[in-house]
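In: Just a sequence and a predicted model for now, questions to come.
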There are 2 protein chains.
Amino acid sequence: MSGGLDSTVSAAVAKSEGFDIFALTIDYGQRHKRELKSARAVGKSMEVKEHIVLRVDMTKIGGSALTDNRVNVPKSGVKPGIPATYVPARNLVFLSLAVSYAERVGASRVYIGANSVDYSGYPDCRPEFIKAFGKAANLGTKAGVEGSGMQIAAPLQTMSKGEIVKLGKDLGAPMHLTWSCYEGGKLACGKCDSCRLRLKGFAEAKTADSVKYE
Amino acid sequence: MSGGLDSTVSAAVAKSEGFDIFALTIDYGQRHKRELKSARAVGKSMEVKEHIVLRVDMTKIGGSALTDNRVNVPKSGVKPGIPATYVPARNLVFLSLAVSYAERVGASRVYIGANSVDYSGYPDCRPEFIKAFGKAANLGTKAGVEGSGMQIAAPLQTMSKGEIVKLGKDLGAPMHLTWSCYEGGKLACGKCDSCRLRLKGFAEAKTADSVKYE
């Protein structure tokens, strides 16, 4: 649960499928704490069973505009290829921590908001990665060996941002509490890839976005 | 690089194969800091190119004798099945962080000391897990998509502890600086699974262990 749109709608999908939600938020040294605040608000609004915020200092690893303040966030529009905001193997790390947490609470399904349509080039959002990770998670866990197995669900996988916003609206996901901008200003910048994709999504879904832009 | 025997001998294998070593140690909230001290000493002795210690607070996840002080470390001998010292999905999390670090420094191979002969029942030490993880890592990283690929090497995979000690001796690995005991006392307890396996290894290899036991 990052505090963004996709994980919020994913959680709403999990809830609509009858699951209790154990939310995991990773404080990985991102540029700003604004999204952590949003994540907490979303969790509270969705009445999750438990919500843990785990600190993993990925700034020590660096190598991304999101974890290294010396690297600028690109603002000239979504381009093909892997962008500067790619955090090395981030979804691999986050899913692994989620699987660890799932093992402890006895959960058999991990939801992730990854989607590969408007995904701006992150290799770790692709369906083939999610599938291969699921196989590894089953072989490397107690749940996989002795228990009920460990499923990785990426319900937004093949949806556009417009479809995600529409789904979130239908499910009553608290999208008004989410934050997408890579910068942590009072207003969203409207120019980073994440803002551009969000704006496109709300426009496509003909839905009002309660986030204010510069 | 945990400060234990297996990661030290693995690093010696990597070095003998001509690689520069970028060492990653995870401070995951283990019961004691003794092994972190050993990890630093091993890294220094092996003249690694860089050594980062990453804090990941797995005590917030809990569920293991190694991360939850309310759970006792078993001392009655190595038993079949998954022991209380299993940290949920630990190797999954550690390998993921190592792959993230490898991406940043431009490394194409990640070494892990996992072995499945005397492995005391951890599912995430099994060869089939390591193999499946490697596949996921290749699909989820920039190195896998655009670059030279990301190999996961577990050179001790099929060795007994005796063979590992012998190999470490042949390669001049600084085994005298390592620490294996799950407890953090001045002397090693000699009774936890990790001490038992270490003692067995040195005995089988007919090599003197410089660690002192209670």
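Out: Right, received. Where do you want to start?
In: so where's chain A shaky on pLDDT?
Out: For chain A, the stretches with pLDDT under 70 are A:31, A:64-71, A:73, A:80-84, A:118-120.
In: Quick check: most distant residue from the centroid of it.
Out: Note on chain A: the largest C-alpha distance from the chain mean falls to A:Glu146, namely 29.1 Å (Cα atoms, centre = their mean).
In: what's that residue sitting at in phi/psi?
Out: Backbone torsions of A:Glu146, given as degrees, to the nearest 10, read phi -110, psi -20.
In: same thing with A:Arg109?
Out: Here A:Arg109 shows phi and psi, under degrees, to the nearest 10, equal to phi -140, psi 130.
In: what sits against it?
Out: Contacts for A:Arg109 (Cβ atoms under 8 Å, 6 or more residues apart in numbering or on different chains) come out as A:14, A:19, A:102, A:150-153. (Glycine included, C-beta is placed from N, CA and C.)
In: Point out the ones among those residues that are inside helices.
Out: A:14, A:102 (DSSP state H).
In: which among the contacts of A:Arg109 gets closest to B:Lys79?
Out: Of all the contacts of A:Arg109, B:Lys79 sits closest to A:Met150, with 24.0 Å by Cβ to Cβ.
In: A helix includes A:Ala98, no?
Out: Yes. A:Ala98 forms part of a helix when assessed by DSSP: H, G, I helix; E, B strand; the rest coil.
In: I'd say it and A:Val110 touch.
Out: Yes. The criterion here is Cβ atoms under 8 Å, and A:Ala98 meets it with A:Val110 at 4.7 Å.
In: more neighbours, those two?
Out: A count of neighbours by other Cβ atoms under 10 Å in any protein chain shown puts A:Ala98 above the other of A:Ala98 and A:Val110, at 27 against 23.
In: Just list the residues touching that one, thanks.
Out: Contacts of A:Ala98 by Cβ under 8 Å, 6+ apart are A:24, A:110, A:112.
In: Closest one of those to B:Val78?
Out: Using Cβ to Cβ, the contacts of A:Ala98 come closest to B:Val78 at A:Val110, 31.0 Å.
In: is it true that the closest one touches A:Ser100?
Out: No. If you go by Cβ under 8 Å, A:Val110 and A:Ser100 don't touch, sitting 10.1 Å apart.
In: which residues of chain A fall in strands?
Out: All strands of chain A, identified by DSSP state E, fall at A:22-27, A:50-55, A:109-111, A:151-153.
In: and the first one with chain B, contact?
Out: No. With Cβ under 8 Å from any Cβ of the partner chain as the measure, strand A:22-27 is seen stopping short of chain B, the closest distance being 8.8 Å.
In: Equivalent analysis for the second one, please.
Out: Yes. Counting by Cβ under 8 Å from any Cβ, contacts between strand A:50-55 and chain B involve A:52, A:54-55.
In: name the helices or strands packed onto that strand?
Out: strand A:22-27, helix A:34-45, helix A:90-105 (3 or more Cβ pairs under 8 Å, 6 or more residues apart in numbering or on different chains; DSSP states H and E).
In: re the thing from before, filter the residues of strand A:50-55 next to chain B to the buried ones?
Out: A:52, A:54 (16 or more other Cβ atoms under 10 Å in any protein chain shown).
In: Figure out which of the strands of chain A is closest to A:Ile164.
Out: Across the strands of chain A, closest to A:Ile164 is strand A:109-111 (Cβ to Cβ), at 13.6 Å.
In: if we can go back for a sec, deepest-packed of the helices and strands packed on strand A:50-55, please.
Out: helix A:90-105 (a mean of 25; mean count of other Cβ atoms under 10 Å in any protein chain shown).
In: circling back: quick one: which of the contacts of A:Ala98 is nearest chain B?
Out: A:Leu24 (8.8 Å; Cβ to the nearest Cβ).
In: for the closest one, what are its contacts?
Out: The contact partners of A:Leu24, by Cβ under 8 Å, 6+ apart, come to A:1, A:51-52, A:54, A:94, A:97-98, A:101.
In: Dig out what it forms beta bridges with.
Out: Assessed by DSSP bridges, A:Leu24 has beta-bridge partners A:Ile52.
In: quick one: it from A:Gly18, how far?
Out: Distance of A:Leu24 to A:Gly18, given as Cβ to Cβ, to the nearest Å: 20 Å.
In: ditto for A:Ala12
Out: A:Ala12 is 12 Å from A:Gly18, where distance means Cβ to Cβ.
In: do A:Ala143 as well
Out: Counting by Cβ to Cβ, the separation of A:Ala143 from A:Gly18 is 19 Å.
In: The two: which has the busier surroundings?
Out: Counted by other Cβ under 10 Å, A:Ala143 and A:Gly18 do not tie: A:Ala143 has more neighbours, with 22 against 6.
In: ok so, going back, now the helices and strands packed on strand A:50-55 in JSON lines, with distance to A:Asp209?
Out: Output for the helices and strands packed on strand A:50-55, formatted as JSON lines (distance: least, Cβ to Cβ, whole Å):
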{"stretch": "strand A:22-27", "distance to A:Asp209": "22"}
{"stretch": "helix A:34-45", "distance to A:Asp209": "14"}
{"stretch": "helix A:90-105", "distance to A:Asp209": "25"}
